[in-house]
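A.B. asks: Give me a 3D structure for the following:
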Amino acid sequence: MSDTLPHIRSFLEQCGEDFEIWPCDPELADTAVYCEHYGVALENSANAILVRARTGAPKYALCVLRAVDRLDGNHTVRKKLGARKVSFASAEETREMTGMEIGGVTPLALPEGLPIWIDAAVMDCSYVVLGGGNRHSKIRVSPRVLAAQPGAEVVAGLARNAT
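C.D. replies: Numbers count the residues shown, from 1 in each chain. Got it, this is the predicted structure:
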């Protein structure tokens, strides 16, 4: 399989923006490995990371950031989630909340009610390469598609440059 999931393809076909679905060897699905092997710039690749509150009521958000950046979990994410402590969701929680495996999580066509927070730097990209909803594909799309989704919010300072 080198296509995305049917509901994600349907979303892309209806979004009104150009997109491409690229095949991906599942063994190479992790962003840095994929980019190196397939010659994709890390600056144009985005990671989708599910975070959760570690204290209080269960709260989740999917954070989207460039692959060259690091999520600011201790400050921006924690405050925005309204939690004393936050952490990355487990692989099981990610599968349960998104229906996708780590290495293939895409911020497109997510279940209703799951907030999507997009680091502002992602919006400066001419295009982004995202997980394809599975470990067999990647999606190339304009970042405008991310921000136009229900529940999506562009957040300044969600991530910091990792270099």
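
A.B. asks: Remind me which helix or strand the residue nearest the centre of the chain belongs to.
C.D. replies: With distances taken as Cα atoms, centre = their mean, the residue of the chain nearest its centroid is Ala48 (2.1 Å). Per DSSP states H and E: Ala48 is located in strand 46-53.

A.B. asks: Need the contact partners of that strand.
C.D. replies: Residues from elsewhere that reach strand 46-53 (Cβ atoms under 8 Å, 6 or more residues apart in numbering): 31, 58-67, 71, 73, 77, 81-83, 85-89, 93-94, 97-98, 105-107, 122, 125, 128-131, 143. (Glycine included, C-beta is placed from N, CA and C.)

A.B. asks: chain center to it, what's the gap?
C.D. replies: 7 Å (Cα atoms, centre = their mean, to the nearest Å).

A.B. asks: With stretch 65-81 instead?
C.D. replies: Centre to centre, stretch against its chain (Cα atoms, centre = their mean), the figure for stretch 65-81 is 12 Å.

A.B. asks: Buried ones in that stretch, by neighbour count?
C.D. replies: 65-69, 71-73, 76-78, 80-81 (16 or more other Cβ atoms under 10 Å).

A.B. asks: what's the most distant pair in those residues?
C.D. replies: Val68 and Leu81 (23.4 Å; Cβ to Cβ).

A.B. asks: just the helices in this structure please.
C.D. replies: 6-14, 31-38, 78-81, 91-98, 143-147 (DSSP state H).

A.B. asks: As JSON lines, those with distance to Ala162 would be great.
C.D. replies: Output for the helices of the chain, formatted as JSON lines (distance: least, Cβ to Cβ, whole Å):
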{"stretch": "helix 6-14", "distance to Ala162": "28"}
{"stretch": "helix 31-38", "distance to Ala162": "11"}
{"stretch": "helix 78-81", "distance to Ala162": "19"}
{"stretch": "helix 91-98", "distance to Ala162": "21"}
{"stretch": "helix 143-147", "distance to Ala162": "19"}
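
A.B. asks: now those in TSV, with mean pLDDT?
C.D. replies: Converted to TSV, the helices of the chain look like this (pLDDT from 0 to 100):
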stretch	mean pLDDT
helix 6-14	94
helix 31-38	95
helix 78-81	93
helix 91-98	96
helix 143-147	96
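
A.B. asks: Perfect, I'm done here.
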